[in-house]
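A.B. asks: model this:
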Amino acid sequence: MKKIIMILALLSVFSVALFADNGSANAPERTEGKWTDMSYVNVPILKILEGKDGYAVIYQKNRTGVGSVVLPKKWGNGTPKAPRKLKFRAVRTSLGAYMTVVKDGGEFKRVILSIPMNKSNTIWGMVDSRKNMEGADKDTLEDLEF
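C.D. replies: As a prediction, the model looks like this:
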C-alpha cells in the first residue's frame, strides 16, 4: 500500500513538472534599446516655507544632516514646449511628506513634492514677503546632497 501511494506521489510530481510553463516563452524580449536613463531620489521633507516667488524646502539628508533648496513657483506652470518642473502630490500627514527629484540621463527633469496640502499643517511655514528669495529665478535644480 505504501509503495502504491509513493508511486502515485512521484507520478503526480513528474506530471506537474512536465506540464509546467517555463514563463520565458511568453515574456517580452528585453532589449537594451528599450531601457531608460531616468532615475529618482526620495528624501524626507522637514519643513516647507512659502514665499511670494517660491518655496524653500528643508529636507533630511543621510539621516544625520539637513539640507535646503529653493523651488521657484513658476516651475508649477507648464507650456506645451516646456513641461512643468514642479508637481504636487497630496499626502495625509506631515510624517509621510517627501520630495522626489527626477533626473533623465543625469540631467534634472522635475521635482515632485508629496506633502499635506492643508496650509495649516505644521510642515508649512512662511518666508518674509518683503524679502526676495535667492534662487527663485533659476531654470534647473542644482545637484543636491542626499
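A.B. asks: distance of the most centrally placed residue in the chain from residue 110?
C.D. replies: Note on the chain: the residue nearest the mean C-alpha position is residue 100, at 4.1 Å, using CA atoms, centre = their mean. Per CB to CB, to the nearest Å, residue 100 is found 8 Å from residue 110. All C-beta atoms are positioned from the backbone trio N, CA, C, and that covers glycine.
A.B. asks: got it, and residue 73?
C.D. replies: Remark: distance between residue 73 and residue 110 (CB to CB) = 14 Å.
A.B. asks: cool, residue 141 as well?
C.D. replies: 9 Å.
A.B. asks: Quickly list what's touching both of these two.
C.D. replies: residue 85 (CB atoms under 8 Å, 6 or more residues apart in numbering).
A.B. asks: Which pLDDT value does the model give residue 5?
C.D. replies: You'll see residue 5 listed with a pLDDT of 87.
A.B. asks: ditto for the one 3 residues further on
C.D. replies: We have a pLDDT of 85 for residue 8.
A.B. asks: And the one 10 residues further on, by the same measure?
C.D. replies: pLDDT for residue 18: 69.
A.B. asks: Endpoint to endpoint, stretch 72-92 covers what distance?
C.D. replies: Stretch 72-92 has an end-to-end distance of 24 Å (criterion: CA to CA, to the nearest Å).
A.B. asks: Okay, buried residues for that stretch please.
C.D. replies: Residues of stretch 72-92 classed as buried: 72, 74, 75, 85, 86, 87, 91 (neighbour count, 16 or more other CB atoms under 10 Å).
A.B. asks: Check the residues you listed and tell me the two furthest apart.
C.D. replies: Between any two of the buried residues of stretch 72-92, the greatest separation by CB to CB is 23.9 Å, found for 74 and 91.
A.B. asks: residue ranges for the helices of this structure, please.
C.D. replies: Secondary structure of the chain by DSSP state H: the helices cover 2-19.
A.B. asks: Could I get the full set of strands for it?
C.D. replies: With DSSP state E as the criterion, the chain has strands at 38-50, 54-61, 65-72, 86-90, 98-104, 107-115, 124-126.
A.B. asks: so what secondary structure elements neighbour the second one?
C.D. replies: Using 3 or more CB pairs under 8 Å, 6 or more residues apart in numbering; DSSP states H and E as the contact criterion, the secondary-structure elements in contact with strand 54-61 are strand 38-50, strand 65-72.
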